[in-house]
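J.: got a sequence here, can you model it:
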Amino acid sequence: YMPLREELPWSRDQILDRIKEFKLAVLTSPRTYAIEALVDLKNELTKRHLPLAFTDSEDSTTIRQDIIDFFEPRYVFKRELLNHIPNTKIMPLPFSSFLYPSQYPDKKEKDIDVFFMCGNTWPLRIEIRDMLVELNDERIIAGCDDNGVRLSYKEYIDAMSRAKINIIARGHGIDTVRRWEAPSFSGIVLSDRLPLVTPFPFLDKLNIVYYDSVDHLKELIKQLLADKLALRQIGEMGMLHLQKWHTTKERARYFLRECGWKEETEKNNLLEEILANANRNNPVSSL
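T.: Purely as a prediction, here's the structure:
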């Protein structure tokens, strides 16, 4: 849902000619076409001692050791990084929120009690939908793709901003975009417990509430709707936590810090320069 930048095509020779301008190369996908393109450039990167980062943002918990062994990246990031993976060289890089308050205002007067709208990509989602529908409450909005309930993206975000409670559940991927959309507003977020490493994680009953089963979720909804103070405070804390650590801008800052640019991101306006260049439709970023 983000607007695409207009970019100019660059030939292989033009890319090679400009490699010396860069401080970091990033392989952003383990898909075949991306790997083949970087294989073609690998010798040039090595010749110029240009460090490589590999970011795997696919819907998979598999560590692509074959890519790591072949390219030998200095930095490795993974969106679906499981808690039990012992390799400390791999760092988490989950999705983030692009719903900035200036563009997507929060509705402080909440006229929806519970909102849960999702794609039918994991059995738990259907179980949650069925439980919410059975409550037969007009202040609860719940649906999945399988029963023909659909909202436009604008309607979806508007309902999320009006909800006292937003429910999230894993989908085809464990990390989901909705995980970062829901806390963008001051409604409280109820989440399943995801077995993922997340930088600056949300904490149970401080800025999020975790549920362990559909029955547990049903009981939490009842309790929280009756406890207006907890409902408001935890929701507000979740929104503030997200705005501090989990916007797309902060995720980019985190990425640069983990790639060894700690001083630059804290003392200089490196990130602002990169964003300014992108906004001018510069066909190649400052990285």
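J.: in the stretch 101-250 of the chain, what residue spans correspond to strands?
T.: For the stretch 101-250 of the chain, the strands defined by DSSP state E, counting those that start in this stretch cover 112-118, 140-144, 163-168, 188-192, 209-211.
J.: helices and strands around the shortest one, which ones?
T.: Counting contacts by 3 or more Cβ pairs under 8 Å, 6 or more residues apart in numbering; DSSP states H and E, strand 209-211 is packed against strand 188-192, helix 214-226. Quick note: C-beta positions are derived from backbone N, CA and C, even for glycine.
J.: please identify which of the strands of the stretch 101-250 of the chain is closest to residue 103.
T.: Evaluated over the strands of the stretch 101-250 of the chain, closeness to residue 103 peaks at strand 163-168, with 18.3 Å, by Cβ to Cβ.
J.: pairing partners for that closest one, with directions?
T.: Paired neighbours of strand 163-168 in the sheet (DSSP bridges): strand 112-118 (parallel), strand 188-192 (parallel).
J.: point out the most buried one among these.
T.: Comparing those by mean neighbour count (mean count of other Cβ atoms under 10 Å), strand 188-192 comes out on top with a mean of 25.
J.: just the CA trace of it, in PDB.
T.: In PDB, the C-alpha atoms belonging to strand 188-192 read as follows (Å, rounded to 0.1, in the frame of the first residue of the first chain):
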ATOM      1  CA  ILE A 188      -5.400  -2.400  23.100                       C
ATOM      2  CA  VAL A 189      -3.700  -5.200  21.100                       C
ATOM      3  CA  LEU A 190      -4.400  -8.900  21.900                       C
ATOM      4  CA  SER A 191      -1.800 -11.200  20.300                       C
ATOM      5  CA  ASP A 192      -1.000 -14.800  20.200                       C
END
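J.: pull up the distance across stretch 12-29, start to finish.
T.: End-to-end distance of stretch 12-29 (Cα to Cα, to the nearest Å): 19 Å.
J.: in that stretch, what counts as buried?
T.: For stretch 12-29, a neighbour-count test (16 or more other Cβ atoms under 10 Å) marks 16, 22, 24, 25, 26, 27, 29 as buried.
J.: would CSV of those residues with pLDDT and secondary structure be doable?
T.: Output for those, formatted as CSV (pLDDT from 0 to 100; DSSP: H, G, I helix; E, B strand; the rest coil):
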residue, pLDDT, secondary structure
16, 82, helix
22, 85, coil
24, 90, coil
25, 91, strand
26, 92, strand
27, 94, strand
29, 91, coil
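J.: closest one of those residues to residue 74?
T.: Ranked by distance to residue 74 (Cβ to Cβ), the buried residues of stretch 12-29 are led by residue 24 at 8.8 Å.
J.: what about the closest one, distance to residue 250?
T.: Taking Cβ to Cβ, to the nearest Å as the measure, residue 24 falls 19 Å from residue 250.
J.: so of the helices and strands packed on strand 209-211, which one's packed in deepest?
T.: Highest mean neighbour count among the helices and strands packed on strand 209-211 (mean count of other Cβ under 10 Å): strand 188-192, a mean of 25.
J.: now the strands of the stretch 101-250 of the chain as TSV including distance to residue 65 and mean pLDDT?
T.: Below are the strands of the stretch 101-250 of the chain laid out as TSV (distance: least, Cβ to Cβ, whole Å; pLDDT from 0 to 100):
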stretch	distance to residue 65	mean pLDDT
strand 112-118	32	96
strand 140-144	36	93
strand 163-168	30	98
strand 188-192	28	98
strand 209-211	31	98
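J.: out of those, which comes closest to residue 85?
T.: Of all those, strand 188-192 sits nearest to residue 85, with 19.7 Å by Cβ to Cβ.
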